[in-house]
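[1] 3D, please:
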Amino acid sequence: MTDAETLSRGPRAYTAFIGIGLIAGLLSGLFGVGGGTVIVPLLVLFLHFNQRLGAGTSLAAIVPTATVGVISYAINGSVAWIPALILAAGAVVGAQIGTRLLPKISQTVLRWFFVGFLLVVIVSLFLVVPSRDAEFELQLLNGLGLLAVGVGTGILAGLIGVGGGVIVVPVLMLAFGTSDLVAKGTSLLMMIPTAISGTIGNLRNHNVDLLAAAIVGISACTTTALGAWLATLIDPLVGNMLFAAYLVVIAVQMAMKAIKGRKKKD
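    Presented below is the predicted three-dimensional model:
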């Protein structure tokens, strides 16, 4: 048994799984994300999961987390159901593409891809001007746009283990003029079928630690509703800035690991 395998099943790891879940659940509810931006880097950096296994485990953990988040936002009427279903239809297809590509890409490339993905998200968070009053009107053209966004989001979900909220939330606000709370609730609903689809693909490729995913996911459920409640209290722009600051820290850590990985064979 390797050191990584021992760590992933020891008492320290179980405690870490719970802690990761609590943090991921809070951010999931607060920002409308699945928590993959927390789960993947922490599994890789602190529990020595490889990038593929971390991505697959994260995607599985997102299912219960997003479900609780949707319920929390739906209670306040902050879910656009039909746009979410359109996004999900595209994302389910995209997730299958992403999970098929996952075993074929080196871990170093995946790490750099994840860093690039985070940088794009950070920039988008400063471009979006959230509004609580904006309403989304579904038409044919923006419906097709939602479908395309869904496919792209699903591919990223399968590749890097995120539910896609860090893409969908800014896009819904910036490109589709949706309020920040509705964008977050809609994003969480879209994630559920996306994560299920991606997890099925990852199971075929043995890229999921189901026990870790269960512990992280169940732990996250206990703080997701709290995050959703806090989202209604915090100024939207302040929330974006806090999330961007967190992503900068994660991006730097992952970049350092990617640089070290260039000297090693995957």
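[2] mind checking the SS state of residue 66?
    Look at residue 66: counting by DSSP: H, G, I helix; E, B strand; the rest coil, its state is helix.
[3] Share the number of residues neighbouring the closest residue to it other than its chain neighbours, please.
    What sits nearest to residue 66 in space, not counting adjacent residues and going by CB to CB, 6 or more residues apart in numbering, is residue 191, at 4.2 Å. Quick note: C-beta positions are derived from backbone N, CA and C, even for glycine. Using other CB atoms under 10 Å, residue 191 has 36 neighbouring residues.
[4] Does residue 191 lie in a helix or a strand, and which?
    helix 180-204 (DSSP states H and E).
[5] Which per-residue confidence value corresponds to residue 22?
    Looking at residue 22, its pLDDT reads 96.
[6] Could you do residue 147 as well?
    At residue 147, the model reports a pLDDT of 94.
[7] ditto for the one 5 residues further on
    Note for residue 152: predicted pLDDT of 87.
[8] For it, grab the count of nearby residues.
    Neighbour count for residue 152, taken as other CB under 10 Å: 18.
[9] quick one, what contacts the closest residue to it other than its chain neighbours?
    Excluding its sequence neighbours, the residue lying closest to residue 152 (CB to CB, 6+ apart) is residue 94, at 6.3 Å. By CB atoms under 8 Å, 6 or more residues apart in numbering, the contact set of residue 94 is 150-158, 194.
[10] Now residue 114: closest residue in space that isn't a chain neighbour?
    residue 160 (5.0 Å).
[11] correct me, but that neighbour touches residue 39?
    No - contact criterion CB atoms under 8 Å: residue 160 and residue 39 do not qualify, at 10.8 Å.
[12] Which one's more surrounded, those two?
    Neighbour totals were compared for residue 160 and residue 39, and residue 39 leads with 35 against 25 (other CB under 10 Å).
[13] Can you tell me the SS state at the nearest residue to the more buried one once chain neighbours are set aside?
    Excluding its sequence neighbours, the residue lying closest to residue 39 (CB to CB, 6+ apart) is residue 58, at 3.9 Å. Three-state assignment for residue 58 (three-state DSSP): helix.
[14] Wait, the residue nearest to residue 66 touches residue 34, no?
    Yes - using CB under 8 Å, residue 191 makes contact with residue 34 at a distance of 4.8 Å.
[15] which residues do these two both contact?
    Residues within reach of residue 191 and of residue 34 at once, by CB under 8 Å, 6+ apart, are 62, 66, 163-165.
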